[in-house]
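Next one to model:
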Amino acid sequence: MVAVKTMQTSVKKIPSVTNDGYGRSVFGIREIELSGASNWMLSEQQAALNFRLRSSTTPYQSDWHIAGDPTLLIILTGVIEIQLRDGSAQRFSAGDLFVAEDYLVGGVVFDESHGHCARVIGQERLQALHLKLEKR
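This next block holds a predicted model:
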């Protein structure tokens, strides 16, 4: 008798920095569907344009900026904190991933109400992979 494996689906929820439709950066979730058997699941192929490797040390802190093009960040070592203009923040450490995809809507000029900033937390060097998903 041959066992029949039942296909299953689930959703991987990836934190993101996106915008509220008015150009202001907010935290959100990007969902990618996975399917497969109970012991393995895989998404459909996802398009990507290029990648960059990043290395930053403490006391690195960026200026306020937007991502523009959607970029998947995979944290390899260290901790990075992403802060929004409203004061909310999230930290990502080794093994975490998130999508930076905040952008300005047409006709909006970047000012003190837009964007996010990033800083390295702790003493460990931040190493990350930036994978550009698409050109906006």
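
Tell me the helix or strand right after the helix or strand containing residue 51.
Using DSSP states H and E, residue 51 maps to strand 50-56. Proceeding N to C from strand 50-56, the next assigned helix or strand is strand 71-77, under DSSP H and E.

same for the helix or strand following that next one, what does it pack against?
Later in the chain than strand 71-77, the nearest helix or strand by DSSP H and E is strand 79-84. Judged by 3 or more C-beta pairs under 8 Å, 6 or more residues apart in numbering; DSSP states H and E, strand 79-84 is in contact with strand 25-37, strand 89-93, strand 116-121, strand 126-132. Placement of C-beta: from N, CA and C, glycine included.

Just the CA atoms of stretch 61-69, as PDB, please.
The C-alpha trace of stretch 61-69 is given here as PDB (Å, rounded to 0.1, in the frame of the first residue of the first chain):
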ATOM      1  CA  GLN A  61      23.000  55.200  12.000                       C
ATOM      2  CA  SER A  62      21.400  56.200   8.700                       C
ATOM      3  CA  ASP A  63      19.700  59.400   7.800                       C
ATOM      4  CA  TRP A  64      16.000  59.400   7.200                       C
ATOM      5  CA  HIS A  65      15.300  57.800   3.800                       C
ATOM      6  CA  ILE A  66      12.800  55.600   1.900                       C
ATOM      7  CA  ALA A  67      13.600  52.300   0.200                       C
ATOM      8  CA  GLY A  68      12.000  53.200  -3.100                       C
ATOM      9  CA  ASP A  69      12.300  49.900  -4.800                       C
END
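
Nice, that's everything, thank you.
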